[in-house]
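A.B. asks: pasting the structure only:
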């Protein structure tokens, strides 16, 4: 098992760390500190999650879950509007978490786990997945960036798209499992989480690159701002739909 990324803000408001098998294969676990004392541990594309307190017992449990997942002792069950993950810990105990979503998730389905599609270690082709992300990025870039040049690189477990405006502002879009990031000038990042990568990545990429184009055309601006709990400045972008995207120091 290896941890391949860990970041911390000036104040413990947000931090994240990723875990995956040492050979770089899937799946990954993402550990996110949300507001200083709450932890979110998500599996794969983020559909399966545990919400934990930040204490010694939870940290010990996270280590055991990470070891089990990276060793391949997990099974995921997927059905309409629901997914369940079983993880076998080092003592043989099975820890499970179930997520329901949408209207289909409200419909009772007794015994659905026995009829669900099963996924185990090694059943996902990482190369095929990365190609899907790269193709999705390319389609969105052609549609939204117009004549702006762009470059796409695949460095497992990441897929990265880079582009720059004639004025020299540099933008980078990156996908890492369920984590979607848009960087401004290398120094600031807007981050979001995708519940279902195959269903939602195109929407995320298209909207992000549409905003990049607006910034490059001067139709939008990055507004510097500060907060009481963050000493370094950050930026905010008001999107075409009126949403405010925070860009925090990377």
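C.D. replies: Ah, there it is. Source: prediction; values computed, not measured.
A.B. asks: CA atoms for contacts and neighbours, from now on please.
C.D. replies: OK.
A.B. asks: Point to the residue nearest the middle of this protein.
C.D. replies: Centroid check for the chain by Cα atoms, centre = their mean gives residue 179 as the closest residue, at 1.3 Å.
A.B. asks: and the gap between that one and residue 212?
C.D. replies: The gap separating residue 179 from residue 212 is 19 Å, by Cα to Cα, to the nearest Å.
A.B. asks: Kindly report the same for residue 58.
C.D. replies: Shown here: residue 58 relative to residue 212, a distance of 39 Å by Cα to Cα.
A.B. asks: Compare those two (neighbour count), which wins?
C.D. replies: Under the neighbour definition other Cα atoms under 10 Å, residue 58 and residue 212 were set side by side, and residue 212 has more, 27 against 14.
A.B. asks: check contacts around that one.
C.D. replies: Listed by Cα atoms under 8 Å, 6 or more residues apart in numbering, the contact partners of residue 212 are 145, 171.
A.B. asks: Surely it is in a helix?
C.D. replies: Yes - counting by DSSP: H, G, I helix; E, B strand; the rest coil, residue 212 is part of a helix.
A.B. asks: Now do the helices in this protein.
C.D. replies: Read by DSSP state H, the chain holds these helices, from start to end of the chain: 56-70, 112-115, 126-144, 197-216.
A.B. asks: in the shortest one, what's buried?
C.D. replies: Which is helix 112-115. By neighbour count, with 16 or more other Cα atoms under 10 Å as the criterion, the buried positions of helix 112-115 are residue 113.
A.B. asks: Likewise for stretch 203-212?
C.D. replies: Of the residues in stretch 203-212, 204-212 count as buried by neighbour count, 16+ other Cα under 10 Å.
A.B. asks: okay, and the helix or strand of the protein with the least pLDDT?
C.D. replies: Within the chain, confidence by mean pLDDT, DSSP states H and E is lowest for strand 2-8 among all helices and strands, at a mean of 38.
A.B. asks: Quick check: bridge partners of residue 236?
C.D. replies: Beta bridges link residue 236 to residue 223, residue 246, judged by DSSP bridges.
A.B. asks: what's the spacing between it and residue 180?
C.D. replies: The separation that residue 236 has from residue 180, given Cα to Cα, amounts to 17 Å.
A.B. asks: ditto for residue 204
C.D. replies: Distance of residue 204 to residue 180, computed by Cα to Cα: 8 Å.
A.B. asks: domain parsing for the protein?
C.D. replies: Structural domains of the chain, as assigned by automatic domain parsing, span the residue ranges 2-120, 126-249.
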